[in-house]
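A.B. asks: Make a model of this:
(one chain, ligands or ions: 1)
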Amino acid sequence: MIKENVADVEAKIQAACERAGRKREEVTLIAVSKTKPVSDIREVMETGIIDYGENKVQELCDKIETIKEPLNWHMIGHLQRNKVKYIVDKVKLIHSVDSLRLAEQISQEAIKKNVDVDILVEVNVAEETSKFGMSTEEVTQMVESIARLDRVHIKGLMTVAPFTDNPEDNRLYFRNLKQLAVDIAQKNIDNVIMSELSMGMTGDYEVAIEEGATMVRVGTGIFGERIYTK
Ligand SMILES: *Cc1c(COP(=O)(O)O)cnc(C)c1O
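C.D. replies: Next up is the predicted model:
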């Protein structure tokens with residue numbers, strides 16, 4: 001089942017790239033494995049996927065411990081400052097940086113551990129009160145402040161678009177995030193690259209790719225529905 005799902009998602013990614021006149025290599029598929037057992041991740045690994053996303057620090061650390069193979073782990077969930085120390089030297093990219101204070105904490109821990117940390121700035125493009133992320137108006141100033149921190153490097157922007165049955169509803173949000181990245185890139189801020197756009201989930205990743213996503217985060221579409229026991 002999981003392998004068929006991966007093949008299906010892969011075909012849809014390729015088709016979306018073709019429609020948008022983009023190369024398949026421009027888009028990284030991140031398999032979002034939160035709540036799913038290591039045995040499921042191993043099944044996905046057999047298809048050649050090396051990027052995995054988790055949203056809880058404890059679960060992320062447990063899985064990194066258990067799976068010895070070198071994988072690219074992505075922190076995609078809300079990150080508390082007191083937990084930064086557990087992951088800064090373990091993850092490929094932190095997608096969910098939503099405040100200057102969090103970025104400062106990442107910088108401090110990165111200096112302590114003598115590592116460089118790549119991050120994305122999370123933007124709440126739809127201005128949903130239930131979601132984390134900076135408002136579109138705040139982002140540029142926040143990027144300028146974070147850029148001055150040592151050993152933290154901004155690589156782009158991330159958003160979690162509203163939940164909807166119609167992916168077209170989110171097209172404008174994705175387009176706006178892309179435009180925001182273009183605007184920030186034009187400022188040529190030191191220590192800031194706007195090469196990554198992490199946007200699109202199971203319900204809307206094809207539209208996100210058409211609008212310029214370089215990373216899509218797909219959970220349910222690969223692993224099936226999540227069952228929350230707590
Ligand atoms: C859970 C999660 C996803 C994956 O969601 P699906 O709809 O299952 O694909 C993507 N991004 C974030 C930030 C998540 O928390």
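A.B. asks: What parts of the chain come near the ligand?
C.D. replies: 32, 34, 55, 76-77, 160, 201-203, 217-221 (CB under 6 Å from any ligand atom). For glycine as for every other residue, the C-beta is placed from the backbone atoms N, C-alpha and C.
A.B. asks: quick one: which of those residues is most hemmed in?
C.D. replies: Ile76 (28 neighbours; other CB atoms under 10 Å).
A.B. asks: ok, back up a step: using TSV, please lay out the residues of the chain next to the ligand together with secondary structure and pLDDT.
C.D. replies: As requested, those are arranged in TSV below (DSSP: H, G, I helix; E, B strand; the rest coil; pLDDT from 0 to 100):
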residue	secondary structure	pLDDT
Val32	strand	98
Lys34	coil	98
Asn55	coil	98
Ile76	coil	98
Gly77	coil	98
Val160	coil	97
Met201	coil	98
Thr202	coil	98
Gly203	coil	97
Arg217	strand	98
Val218	strand	98
Gly219	coil	98
Thr220	helix	98
Gly221	helix	98
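A.B. asks: In this structure, which helix is the longest?
C.D. replies: helix 2-20 (DSSP state H).
A.B. asks: For the chain, which residues score under the pLDDT cut-off?
C.D. replies: By pLDDT under 70, the low-scoring segments of the chain are 230.
A.B. asks: Tell me which stretches of it form strands.
C.D. replies: All strands of the chain, identified by DSSP state E, fall at 28-32, 51-54, 72-75, 93-97, 117-122, 152-158, 192-198, 215-218.
A.B. asks: Is it possible to get a markdown table of these that adds distance to Glu10?
C.D. replies: Formatted as a markdown table, the strands of the chain follow (distance: least, CB to CB, whole Å):
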| stretch | distance to Glu10 |
| --- | --- |
| strand 28-32 | 7 |
| strand 51-54 | 13 |
| strand 72-75 | 17 |
| strand 93-97 | 21 |
| strand 117-122 | 23 |
| strand 152-158 | 22 |
| strand 192-198 | 18 |
| strand 215-218 | 10 |
